[in-house]
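*Asks:* compute the structure for the input listed below.
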Amino acid sequence: MALTDILPRALSRRPRPLGERLARMTALARQRRALGDLDPHLLRDIGVSRDEALEEAARLPWDAPAHWHG
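*Replies:* Predicted coordinates:
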């Protein structure tokens with residue numbers, strides 16, 4: 001693999017700006033809170049137990065899979 005093949009991918013993996021990262025963490029926190037607030041019948045519809053929903057809702061905003069940070 002030539003350097004010209006690697007360089008565009010390396011440049012596309014630059015860290016995201018701080019504002020964008022904060023916006024993503026805020027959105028993730030909001031989504032997790034909403035999951036924790038869902039009614040039991042809605043949780044059943046998506047195949048998530050109440051305990052799983054509450055566990056996910058309690059996670060910190062920066063506790064996300066690495067590929068989400070891209």
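
*Asks:* how about the strands in this protein?
*Replies:* Applying DSSP state E to the chain gives no strands.

*Asks:* can you map out the helices along it?
*Replies:* Using DSSP state H, the helices found in the chain span residues 3-12, 18-37, 40-46, 50-57, 66-69.

*Asks:* as TSV, these with mean pLDDT and mean neighbour count would be great.
*Replies:* All C-beta atoms are positioned from the backbone trio N, CA, C, and that covers glycine. TSV is the format used below for the helices of the chain (pLDDT from 0 to 100; neighbours: other C-beta atoms under 10 Å):
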stretch	mean pLDDT	mean neighbour count
helix 3-12	59	8
helix 18-37	93	13
helix 40-46	96	11
helix 50-57	96	14
helix 66-69	69	8
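
*Asks:* what separation do you get for residue 38 and residue 23?
*Replies:* 23 Å (C-beta to C-beta, to the nearest Å).

*Asks:* next one: residue 63
*Replies:* 17 Å.

*Asks:* contact partners for residue 40?
*Replies:* By C-beta atoms under 8 Å, 6 or more residues apart in numbering, residue 40 lies in contact with residue 50.

*Asks:* run the last query once more with 6 Å
*Replies:* Under the criterion of C-beta atoms under 6 Å, 6 or more residues apart in numbering, residue 40 has no contact partners.

*Asks:* isn't residue 57 up against residue 31?
*Replies:* No. In this structure residue 57 lies outside contact range of residue 31 using C-beta atoms under 6 Å: 9.3 Å.

*Asks:* any common contacting residues for those two?
*Replies:* In contact with both residue 57 and residue 31: no residue, using C-beta under 6 Å, 6+ apart.

*Asks:* residue 59 - nearest residue in space that isn't next to it in sequence?
*Replies:* Take residue 59 and drop its neighbours on the chain: the residue closest to it by C-beta to C-beta, 6 or more residues apart in numbering is residue 32, 6.2 Å away.

*Asks:* was I right about the one you found contacting residue 57?
*Replies:* Yes. Between residue 32 and residue 57 there is a contact under C-beta under 6 Å: 4.8 Å.
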